[in-house]
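Colleague: Below: sequence and its predicted model.
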Amino acid sequence: MQIPARPKLSLAEIVAEHKAMAEAAANAREALAARGGPLSGLYRARAEKMRRCGKRLTIREFEAEDGTIRQVPSLVYNCRQRECPLSQFTIRGKNRRKATTLFNATFERHPDKRIIFATFTMPNVDGVDLGDAINVLNRGWTRMTRTAAWRRSIEGYLQCIEVTYSPERNDYHAHRHAVLVVDHSYFTRGDSKYIPQAKLAAMWTSAMQSPVPLIVDVRVPKARPGETMLDAAIRQVVKYVFKSGEFYERTATGYRADPDVLEAMYVGLAGRRMFGFGGIVRQTAQALKLELAFDEAEDVAADGTPDWLIDADVDLDGPGDILCPEPRSAYALCFEPGSLFSRPAYVYAGEGA
Ligand SMILES: [Zn+2]
């Protein structure tokens with residue numbers, strides 16, 4: 001029996017769904033604030049910001065070079081919090097465009113290089129240990145990238161930490177995805193630069209100083225139709241720091257988030273850097289004065305821009321710099337409390353607001 005395909009959601013519906021999850025996160029924050037404690041005021045403030053986030057936004061439609069229509073949402077106010085699904089959604093698009101520009105520039109300078117996609121794992125931890133786990137993950141990475149074996153074979157990288165949550169076990173899995181740049185000769189049989197998966201896992205285990213063997217997964221990135229391998233790798237590395245689906249439970253009226261889980265994520269990730277570049281990728285950025293920093297949550301973004309002035313543009317359909325100056329059309333959405341799930345309170349078409 002054929003399972004009917006899920007109907008493709010419109011951008012407005014996708015945004016509405018993210019907004020509904022943000023509302024659930026705000027409710028969870030308020031539940032945390034109500035418990036009292038030293039972070040109570042902070043949680044209340046963050047809930048308030050999240051409720052304002054993306055409450056009004058504009059969706060502009062552009063005609064791409066191939067004639068397809070691209071939609072780009074732009075939030076009037078983006079709260080830029082890691083636990084905000086709407087902000088994560090918009091920031092991810094921006095980071096993907098940045099990473100693509102950076103890698104394209106790298107390959108222009110070094111056309112003989114190739115990429116590998118690898119995931120470096122560690123054992124699951126309880127919520128209270130998440131922050132320590134991220135520190136361990138960062139120290140392990142630094143140690144590994146300084147070894148002679150690594151430096152001989154891996155010429156550059158982009159890496160990103162992702163945290164997944166298991167509701168069944170109530171624990172957290174922090175791991176690192178990386179696009180690794182290697183020489184084209186890397187794959188030649190018998191080349192001394194080639195690192196077999198087992199050896200890479202051993203290098204990772206030793207760098208992490210782990211008593212148990214750790215798993216490293218290496219693969220060729222799977223491209224979707226119309227994507228290059230690089231697009232696919234970047235899509236898999238530059239994504240949500242944590243997957244919304246695992247943190248938000250669908251209810252009849254919207255979503256619900258567990259305050260304890262959000263608290264563990266907030267405390268565990270606060271002030272910790274989740275992205276990094278190295279080797280020729282970093283050198284290219286420096287040589288071309290490309291901006292290296294990725295957009296992160298407010299805890300680490302320190303450019304001094306007041307957050308209510310920041311507009312986030314997203315390219316939903318993939319990487320590449322897509323913005324042509326004149327949109328074909330634009331419409332504004334406004335979300336009102338109580339009408340969040342599945343459709344915005346009202347939609348009007350008109351000139352770009
Ligand atoms: Zn937000």
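Modeller: Now that the structure is in, tell me what you want to look at. Numbers count the residues shown, from 1 in each chain.

Colleague: Glu155 and Ser40, how far apart?
Modeller: Distance from Glu155 to Ser40, counting by CB to CB, to the nearest Å: 48 Å. Any C-beta I mention is one placed from the backbone N, CA and C, and that applies to glycine too.

Colleague: Mind jotting down where the helices sit in the stretch 101-250 of the chain?
Modeller: Per DSSP state H, counting those that start in this stretch, the stretch 101-250 of the chain carries helices over the ranges 130-145, 148-153, 197-207, 229-237, 244-247.

Colleague: Would you mind saying which of the ones you listed lies nearest the ion?
Modeller: Closest of the helices of the stretch 101-250 of the chain to the ion is helix 244-247, at 12.0 Å (criterion: CB to the ion).

Colleague: what mean pLDDT does that closest one have?
Modeller: Helix 244-247 shows a mean pLDDT of 69.

Colleague: would Ile280 count as being in a strand?
Modeller: No. Read with DSSP: H, G, I helix; E, B strand; the rest coil, Ile280 is helix and lies in no strand.

Colleague: Give me the neighbour count for it.
Modeller: Counted with other CB atoms under 10 Å, residues neighbouring Ile280 total 19.

Colleague: so who does it touch?
Modeller: Residues near Ile280 by CB atoms under 8 Å, 6 or more residues apart in numbering: 106, 109-110, 113, 155-156, 181.

Colleague: ranking those residues by neighbours, who comes first?
Modeller: Highest count within the contacts of Ile280 by other CB under 10 Å belongs to Thr106, 28 neighbours.

Colleague: check which helix or strand covers the nearest residue to that residue once chain neighbours are set aside.
Modeller: Computed as CB to CB, 6 or more residues apart in numbering, the closest residue to Thr106 that is not its neighbour in sequence is Thr284, at 4.4 Å. For Thr284, the element it lies in under DSSP states H and E is helix 279-287.

Colleague: Sheet partners, orientation included, of the helix or strand that that helix is followed by?
Modeller: Sequence order places strand 329-334 as the next helix or strand after helix 279-287, per DSSP H and E. Applying DSSP bridges, strand 329-334 is found paired with strand 56-63 (antiparallel), strand 346-350 (antiparallel).

Colleague: What are the buried residues along strand 329-334?
Modeller: Neighbour-count burial for strand 329-334 flags 330-333 (criterion: 16 or more other CB atoms under 10 Å).

Colleague: Next: stretch 161-169.
Modeller: Those would be 161-165, for stretch 161-169 by 16+ other CB under 10 Å.

Colleague: Just the ones in strands from these, please.
Modeller: 161-165 (DSSP state E).

Colleague: Skipping its backbone neighbours, what lies nearest Leu11 in space?
Modeller: Nearest to Leu11 is Gln71, by CB to CB, 6+ apart, at 4.4 Å.

Colleague: Tell me how many other residues crowd that neighbour.
Modeller: Neighbours around Gln71, by other CB under 10 Å: 21.

Colleague: Repeat that for Arg256.
Modeller: Residues lying near Arg256 (other CB under 10 Å) number 15.

Colleague: And it, how far from Pro167?
Modeller: Computed as CB to CB, the Arg256 to Pro167 distance reads 12 Å.

Colleague: What of Asp129?
Modeller: Distance from Asp129 to Pro167, by CB to CB: 18 Å.

Colleague: same question, Ala264
Modeller: 13 Å.

Colleague: what residues are up against Val181?
Modeller: Per CB under 8 Å, 6+ apart, neighbours of Val181: 106, 110, 113-115, 154-157, 279-281.
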